[in-house]
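>>> Give me coordinates for this.
(2 chains)
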Amino acid sequence: DSGVTQTPKHLITATGQRVTLRCSPRSGDLSVYWYQQSLDQGLQFLIQYYNGEERAKGNILERFSAQQFPDLHSELNLSSLELGDSALYFCASSKTAGELFFGEGSRLTVL
Amino acid sequence: QQPVQSPQAVILREGEDAVINCSSSKALYSVHWYRQKHGEAPIFLMILLKGGEQKGHDKISASFNEKKQQSSLYLTASQLSYSGTYFCGTPGGNNNDMRFGAGTRLTVKP
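Numbers count the residues shown, from 1 in each chain, chains lettered A, B, ... in the order given. Have a look, this model is predicted:
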């Protein structure tokens, strides 16, 4: 158990819909990262927050947005969903330095 | 900004050795290595810091040459449990902007 909690674990929805993925970081970790992993692909960096502020941005689509709340949990919002958005979405947390701890991921299926 | 890993895939027999390479076009503060089993979350293996320090984790070790902006992961006397996909990660300062390579799929056969 990494201490990072992601919900939901599985999500099935239709094209055009909007979903929200939630992440609770490990206690004391201020950084939250979001990654997208399509089938048997690598970890594509989407976005990072540090203590409520956006710290770095990857190739995140305009249809996607995220935020980190004062209690440090984070949400990733995916809208106008397309078939290609089907993937495993990982959240990870870390302190200012050191290892990233990954949650178990949220598997999104868009039909 | 994404580091480049090679090879893409490796197939070994138990007891054989392997090397996975990671290179970056940007200056590196550190290099992280993670292993991911199919359908699971990536698990941290080790961090390499500036100074060419070599670290070890069981029979897995790694080196980091910041001048060449490269790191290598060494797996010796491989075990079945080593199978998985290995990712190197290259953060900016303060662990910001952590990018991962495309991964190296390692298969260890009996």
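
>>> Up against chain B, what does chain A have?
Residues of chain A lying close to chain B (CB under 8 Å from any CB of the partner chain) are A:2, A:31, A:33, A:35, A:41-43, A:45, A:48, A:50, A:55-56, A:58, A:90, A:92, A:94-105. Glycine gets a C-beta too; all of them are placed from N, C-alpha and C.

>>> Identify those among the residues you listed that sit within helices.
The helices, defined by DSSP state H, take in nothing from the residues of chain A next to chain B.

>>> Make a ChimeraX selection of the buried ones in those.
Per 16 or more other CB atoms under 10 Å in any protein chain shown, the buried members of the residues of chain A next to chain B correspond to this ChimeraX selection:
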select /A:2,31,33,35,42,43,45,48,50,55,56,58,90,92,94,95,99,100,101,102,103,104,105
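
>>> who in chain B is up against chain A?
B:30, B:32, B:34, B:40-44, B:47, B:87, B:89, B:92, B:94-103.

>>> How many neighbouring residues does residue B:8 have?
Applying other CB atoms under 10 Å in any protein chain shown, we find 9 residues neighbouring residue B:8.

>>> if I read this right, it contacts residue B:104, doesn't it?
Yes: contact criterion CB atoms under 8 Å: residue B:8 and residue B:104 qualify, at 6.4 Å.
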